[in-house]
Structures are given as C-alpha cells and as structure tokens.
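Q: Could you work out the structure for the sequence below:
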Amino acid sequence: MKFTKIVASLAIAGLVFVSCKKEEDKNLANIKPVADVSKEHKAIAAENVQTASFEIEGMTCAMGCAKTIEKELSNLDGVEKATVDFDKKTATVVFDKTIQNQENLTKTVQATGDGKTYKVSNIKS
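A: Now for the predicted structure:
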C-alpha cells in the first residue's frame, strides 16, 4: 500500500513537472529580445523640450493603474520620460513639443482602460 502511494505520488509529480515545463517553453517562445521591444528615444533638441504635469483621477492602485498609464505615455512618439505618482495622483511627462502635445497626452491617459475611468485635470506646462 505504501509502495503504491509513493509510485502514484511520483507519477503525479512527474506529470506536473512535465506539463509546467511545456507551458514554460510556450511562454519563452513568445518572448522577444529586448532590442525588438524597446523604443529608441531620439535626443530632443533643447528648444523643443516641454514638460507637462497634470492630475489623474480614477486610479485605484500603483501597479495596475499608475504603471499602465506610465507605460502608455512612455510609448508615445516624442515622449522622453513619463512618471506617474499614484500617491499624489499626478503625472509628469517630458516630451518633444514638435511631435507631441498636451491634448494627445490627455487623450492617451483617458483612453487607457475602458476610456471612462481616468480623468485628467489641472494641466501645467
């Protein structure tokens, strides 16, 4: 009886190990090299650099909401740096004013999620 339990346990453990490995291999196949994923930032001429700060209402968490908005802003063309502070409910974006503008930044934040959750206010340059 004890021998049967040991054999059954090893068989189950083996199946779990093998199935997890296959899942891991599938996930690894979908990973792209960092060079393919990252966005190249071109240097912004000093006269074209603009910084916008604004408040974002509707964020409920730092990792889901704030980081997602920060990532969306950072991925925009002409954006050099985007920082979203969940605790202060603010965002600061450094961008090339010849490529990007405050209206597009606002639309990007408000379009994140379902398009109704986040509201931008008090935009300052």
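Q: Sticking with residue 120, tell me its helix or strand.
A: strand 119-124 (DSSP states H and E).
Q: Identify all contacting residues around that strand.
A: Residues outside strand 119-124 that contact it (CB atoms under 8 Å, 6 or more residues apart in numbering): 52, 53, 54, 55, 56, 57, 58, 102, 105, 106, 109, 110. Every residue, glycine included, has its C-beta placed from N, CA and C.
Q: Also stretch 91-108?
A: Stretch 91-108 is contacted by residues 44-45, 48-56, 69-70, 72-73, 76-85, 109, 120, 123, 125 when judged by CB under 8 Å, 6+ apart.
Q: and residue 65, how many neighbours does it have?
A: Around residue 65 sit 19 other residues, with neighbours defined as other CB atoms under 10 Å.
Q: Convert the C-alpha atoms of the host helix or strand of residue 71 to PDB, please.
A: Residue 71 is part of helix 67-74 when elements are defined by DSSP H and E. Presented in PDB, the C-alpha positions along helix 67-74 are these (Å, rounded to 0.1, in the frame of the first residue of the first chain):
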ATOM      1  CA  LYS A  67       2.200  51.800 -14.100                       C
ATOM      2  CA  THR A  68      -0.100  51.100 -17.000                       C
ATOM      3  CA  ILE A  69      -0.700  54.800 -17.600                       C
ATOM      4  CA  GLU A  70       3.000  55.500 -17.300                       C
ATOM      5  CA  LYS A  71       3.800  52.800 -19.800                       C
ATOM      6  CA  GLU A  72       1.200  54.100 -22.300                       C
ATOM      7  CA  LEU A  73       2.600  57.600 -22.000                       C
ATOM      8  CA  SER A  74       6.200  56.400 -22.300                       C
END
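Q: what angle do it and strand 119-124 make?
A: Calculated by axes from the mean of the first three to the mean of the last three CA atoms, to 10 degrees, helix 67-74 forms an angle of 50 degrees with strand 119-124.
Q: Which strands and helices lie in contact with helix 67-74?
A: Judged by 3 or more CB pairs under 8 Å, 6 or more residues apart in numbering; DSSP states H and E, the packing partners of helix 67-74 are strand 79-85, strand 90-96, helix 102-111.
Q: how many other residues sit next to residue 109?
A: By other CB under 10 Å, 25 other residues sit near residue 109.
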